[in-house]
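Chemist: with the sequence up front, the predicted model follows.
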Amino acid sequence: MNNQQGTSAFAALNSIMAPHAAVVEIGDQVILEKPVLVVRAFTGGAKAATAYHPRTIVSVGEESVVELIQLNIDLNLAKEQDPSPFLINGLTQVFVGKVKLAFFIS
């Protein structure tokens, strides 16, 4: 799935550690009026440092128009708790035909 393993250590680590992926498939000639939102909520609760390896795979068909927004939320921080340190090693792979793509990670 990842052809950058020789050049990107974090991509290779994600490939090994990510058991699942969020998959977004958009067919040919689809024009979405609203963005697609992928939300990753981390609940943790670990007493020690933790690493998360989320993966998103996006496939967009020919002549489609889509905007993708990804959002990572730490629910422990949202509760203003004292969280342990963590690393988010996210990987997003986008496969496109002839499309207009607006890609934004927050």
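Modeler: Done, it's in. Because the structure is predicted, anything quoted here is derived from the model rather than measured. Residues are numbered from 1 along each chain as shown.
Chemist: gap between the two ends of stretch 59-71?
Modeler: For stretch 59-71, the separation between the terminal residues is 19 Å (Cα to Cα, to the nearest Å).
Chemist: show me the strands in this protein, by range?
Modeler: With DSSP state E as the criterion, the chain has strands at 22-26, 36-42, 50-52, 55-60, 65-74, 86-88, 91-96, 100-105.
Chemist: nearest to A12 among those strands would be which one?
Modeler: Evaluated with Cβ to Cβ, the strands of the chain place strand 91-96 nearest to A12, the distance being 9.7 Å. For every residue, glycine as well, the C-beta is placed using N, CA and C.
Chemist: list the strands paired with the closest one, with their directions.
Modeler: When pairing is defined by DSSP bridges, strand 91-96 lines up against strand 55-60 (parallel).
Chemist: now the strand it pairs with and strand 22-26, what's the angle there?
Modeler: Orientation note: strand 55-60 sits at an angle of 0 degrees relative to strand 22-26 (axes from the mean of the first three to the mean of the last three Cα atoms, to 10 degrees).
Chemist: quick check: mean pLDDT of strand 55-60?
Modeler: Computed over strand 55-60, the mean pLDDT rounds to 92.
Chemist: buried ones in that strand?
Modeler: Taking 16 or more other Cβ atoms under 10 Å as the basis for neighbour counts, the residues of strand 55-60 that come out buried are 55-56, 58, 60.
Chemist: out of the residues you listed, who's nearest P85?
Modeler: Using Cβ to Cβ, R55 is the member of the buried residues of strand 55-60 that sits closest to P85, with 21.6 Å.
Chemist: L32 is in contact with E67, isn't it?
Modeler: Yes. Contact between L32 and E67 holds when scored by Cβ atoms under 8 Å: they sit 7.1 Å apart.
Chemist: can you give me phi and psi for the nearest residue to N89 once chain neighbours are set aside?
Modeler: Here the nearest residue to N89 in space, its sequence neighbours aside, is H53; by Cβ to Cβ, 6 or more residues apart in numbering that works out to 4.9 Å. For H53, the backbone dihedrals are phi -130, psi 70 (criterion: degrees, to the nearest 10).
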